[in-house]
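K.L.:
with the input below, show me the fold.
(2 chains)
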Amino acid sequence: DTGVSQNPRHKITKRGQNVTFRCDPISEHNRLYWYRQTLGQGPEFLTYFQNEAQLEKSRLLSDRFSAERPKGSFSTLEIQRTEQGDSAMYLCASSRASTVGGYTFGSGTRLTVV
Amino acid sequence: AQTVTQSQPEMSVQEAETVTLSCTYDTSENNYYLFWYKQPPSRQMILVIRQEAYKQQNATENRFSVNFQKAAKSFSLKISDSQLGDTAMYFCALPGAQKLVFGQGTRLTINP
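P.N.:
Predicted coordinates:
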């Protein structure tokens, strides 16, 4: 297993455009998390899935954000009508439901909205 | 709601020195875990050490150890014999409602 994979590593987009990020978790992990991290800050929780079910969404996740995890495998995070304030690192992590806090993180997708 | 506070935005020490990073937290839970994660520059975040709140003994992983003070809700990380590769952001984290809550981080620089 190669760990948690995120694509793309970097994305530059113009304000108002839609972007989609992908996360491939460790195959035997049934939980998948999305976090957002701005420069010099700690990760902030966005949403998480257990298998294909999205169990919690943060209030940070506005209507422009949507996440999916079809078939309980990879996940996508889409941001519609991007704004400059969306510029951040988007981190994906996965874990077993039985593991408390033992996340495996991906390398993240850095989004820059110009 | 769980909160995590790291009051040291940046720290810098010389190689081979010992450094302690501070973390305080708040939770209404009695049994919980605490974590320190390391995020090297441009690299992914990795788990450094974890502590179970019901265990009185402080966790140790090679050069990394914690000082866990449950009553004070304090959870500091000590790095002994620091190495250049320890240069990174360090985050304290606490599980809250099926997800981790992170502190603001401490940027640690190890100087040669």
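K.L.:
least confident secondary structure element in the chain?
P.N.:
Looking at chain A here, since you left the chain open. Lowest by mean pLDDT, DSSP states H and E among the helices and strands of chain A is strand A:53-57, with a mean of 90.
K.L.:
actually, chain B is the one I wanted.
P.N.:
Ranking every helix and strand in chain B by mean pLDDT, DSSP H and E puts strand B:99-102 at the bottom, with a mean of 90.
K.L.:
just the closest residue of chain A to chain B, please.
P.N.:
Relative to chain B, the nearest point of chain A is residue A:42 (3.6 Å; C-beta to the nearest C-beta). C-betas here are computed from N, CA, C, even on glycine.
K.L.:
can you tell me the closest non-neighbouring residue to that residue?
P.N.:
residue B:102 (3.6 Å; C-beta to C-beta, 6 or more residues apart in numbering or on different chains).
K.L.:
quick check: closest non-adjacent residue to residue B:99.
P.N.:
Using C-beta to C-beta, 6+ apart, the nearest residue to residue B:99 is residue A:45, at 4.9 Å.
K.L.:
where's the one you found, which helix or strand?
P.N.:
strand A:44-50 (DSSP states H and E).
K.L.:
what residues of that strand count as buried?
P.N.:
The neighbour-count criterion (16 or more other C-beta atoms under 10 Å in any protein chain shown) identifies A:44, A:45, A:46, A:47, A:48, A:49 as the buried residues of strand A:44-50.
K.L.:
still on that earlier bit, identify all contacting residues around the least confident helix or strand of chain A.
P.N.:
Contacts to strand A:53-57, defined as C-beta atoms under 8 Å, 6 or more residues apart in numbering or on different chains, come from residues A:46, A:47, A:48, A:49, A:67, A:68, A:69, B:97, B:98, B:99.
K.L.:
confirm that the fifth one sits in a strand.
P.N.:
When you say that, I think you mean residue A:67. Yes. Using DSSP: H, G, I helix; E, B strand; the rest coil, the assignment for residue A:67 is a strand.
K.L.:
no more questions from me, cheers.
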